[in-house]
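1. My questions are about this predicted structure, shown below with the sequence.
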Amino acid sequence: MPVLRGFVTPDHRDRTIDALRAVAIVGVVLGHWLVSAVVTDPSWHGESPLSHEPALIPATWLLQTLAPFFFAGGYAAARGLRRRRPATWLTARLSRLARPLLAFAAVWSLIMLVLWAVGVPATTRHVVWSLVTHPLWFLGVYLLLTALTPPLRAAVLRWGAWPALPLVAVVALSDASSSSSAALPSWLALPSWPAGPELLAAVAVPAGWAVPYLLGVALADGLLPRRAGAVLLPLGVVACAGLVLLADYPASAVGVPGDGRSNLAPPSLFAVGLGLAQIGAFLLARPWLGRVLRRPALWIPVVLLNLGAMTVYCWHQTALLAVTSAGRAFGTLPGLHDAPVGDWALSRLMWLPAFALVLAILGVIFYRCERTGAGRERETADAIRAAGIPDGGDRARVAAPGGGAAARVAVGAQRGDQLTGAGAGRTPARTAPGRRAGEP
């Protein structure tokens, strides 16, 4: 651990945003692992435990963390735009997203071709393909909002966080025009018109997630004070409760098969309200988080998750499928291959360490796609210099292939980001002679 003590983070980097992003990643991964039941009998089909155990629905309020993810992304994008031209910044950002995604697409295209060639049933292939590709809808929305960051930031700089209100209105119109859902009672529904619900639903997807993204931009530019959390948290809680109790919205924060409507497809007012509550809680807890994240035991895992955010997001369902497939050699295992009824949820919890282990292995393999080889070498060299490691054994260990990951932890804590880290492209803060980086 002597080298890790040298890993420092400049004061201009917001550790709380990195922690929020890490929590959001963990929430999404755990949420998918806990609601993706693959039943093998013998062909595969998917089910959700939420269809059988409504008592599990409150867990979705904690594990549906897309709004914090978009919030952190908006913050990071606004900070990145401060020091780079929009075109240069956008090109670099899209490149970081594209490389791991292209690797993912290439590997899974080959896997699906092999499954078809060896005669795997079509129903099984459909389940596999749905599990690995369904989470990728998020990336399309994120790419769009990333491209729209310059005008969104300009609006925030002029009007503060108020431009979020028209976006909420779009989501409300989408909810009110939906004719196929039970989200609203008839007395609140709008008259239908040709292509109206479909068009509004399509617009509501980026509009709904632009609300937390825009709030993140506002925070980065100092236009969302901590006291706003005292408004957003109760506002979001009251809004969600009212929508469920008075307007017949689904209580689950994620889709439940058979409900007829999901609060995520497209995002409903419930999803917006939940996001506001989560962001409000974060703003209130931010000073405390900033203090506790000074502890290396808490900070290093946050850095690792941020460095490999895209890899984790792309491959987490692959880890679930790998364990599920391997487990078939031992028969039908509870919590892995059976229907999600009874004690299934408890059994599934026992499999989470196995999923995490396989995901870690996949992360080691595919993390290289997130950086070019030259970029990794520069990061390792910069980390060695930043940590103040002298010539000799310690430097050799860090510069070696096995030490490169540790060196990149230093860089992630010091310089940049991966999927949505703040300060992309910034140079490390200068320090006075005789001082270590990050010291006052």
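-> Perfect, thanks for sending it.

2. Let me know how buried Pro150 is, in neighbour terms.
-> The local packing of Pro150 (other Cβ atoms under 10 Å) involves 15 other residues. Bear in mind the C-beta positions are built from the backbone N, C-alpha and C, glycine included.

3. For it, which non-adjacent residue is closest in space?
-> Residue nearest to Pro150 in three dimensions, not counting chain neighbours: Pro86, with 4.7 Å by Cβ to Cβ, 6 or more residues apart in numbering.

4. Look at the one you found and report its pLDDT.
-> Reported pLDDT at Pro86 in the predicted model: 83.

5. ok, now Thr380?
-> According to the per-residue confidence, Thr380 scores 43 in pLDDT.

6. Check Arg368 too.
-> At Arg368, the predicted lDDT confidence score is 81.

7. ok, now Asp14?
-> As predicted, Asp14 sits at a pLDDT of 86.

8. Could you do Ala383 as well?
-> Taken from the predicted model, the pLDDT recorded for Ala383 is 41.

9. swap in Phe71?
-> The model reports Phe71 with a pLDDT of 97.

10. residue ranges of the strands in this protein, please?
-> If DSSP state E is used as the criterion, the strands of the chain fall at 37-40, 44-47.

11. Report the distance from the last one to the chain centre.
-> The chain centroid and the centroid of strand 44-47 are separated by 25 Å under Cα atoms, centre = their mean, to the nearest Å.

12. got the buried residues for that strand?
-> The neighbour-count criterion (16 or more other Cβ atoms under 10 Å) identifies Trp44, Gly46, Glu47 as the buried residues of strand 44-47.

13. same check, this time on stretch 322-331
-> By neighbour count, and taking 16+ other Cβ under 10 Å as the criterion, the buried residues in stretch 322-331 are Ala322, Val323, Thr324, Gly327.

14. So, low pLDDT: which residues of this protein?
-> By pLDDT under 70, the low-scoring segments of the chain are 1-12, 179-196, 371-440.

15. rerun that using 80 as the cut-off
-> In the predicted model, the chain carries pLDDT under 80 at residues 1-13, 41-43, 83, 178-198, 258-260, 369-440.

16. now stretch 319-339: how far from the chain's centre is it?
-> Distance, stretch centre to chain centre, for stretch 319-339: 26 Å (Cα atoms, centre = their mean).

17. pull the CA atoms of that stretch into PDB?
-> Provided in PDB are the C-alpha atoms of stretch 319-339 (Å, rounded to 0.1, in the frame of the first residue of the first chain):
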ATOM      1  CA  ALA A 319     -21.400 -12.200 -16.800                       C
ATOM      2  CA  LEU A 320     -24.900 -13.300 -15.700                       C
ATOM      3  CA  LEU A 321     -25.300 -15.400 -18.800                       C
ATOM      4  CA  ALA A 322     -21.800 -16.900 -18.500                       C
ATOM      5  CA  VAL A 323     -22.600 -18.100 -14.900                       C
ATOM      6  CA  THR A 324     -26.100 -19.300 -16.000                       C
ATOM      7  CA  SER A 325     -24.700 -21.300 -18.900                       C
ATOM      8  CA  ALA A 326     -21.900 -22.900 -16.800                       C
ATOM      9  CA  GLY A 327     -24.300 -23.800 -14.100                       C
ATOM     10  CA  ARG A 328     -26.300 -26.000 -16.400                       C
ATOM     11  CA  ALA A 329     -23.600 -28.600 -16.100                       C
ATOM     12  CA  PHE A 330     -24.900 -29.100 -12.500                       C
ATOM     13  CA  GLY A 331     -28.600 -29.300 -13.300                       C
ATOM     14  CA  THR A 332     -31.300 -26.800 -12.400                       C
ATOM     15  CA  LEU A 333     -29.800 -24.600  -9.700                       C
ATOM     16  CA  PRO A 334     -32.100 -22.500  -7.400                       C
ATOM     17  CA  GLY A 335     -31.900 -18.800  -8.100                       C
ATOM     18  CA  LEU A 336     -30.100 -19.400 -11.400                       C
ATOM     19  CA  HIS A 337     -32.300 -21.500 -13.600                       C
ATOM     20  CA  ASP A 338     -35.700 -21.800 -11.900                       C
ATOM     21  CA  ALA A 339     -38.800 -19.600 -12.000                       C
END
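
18. Sounds good, over and out.
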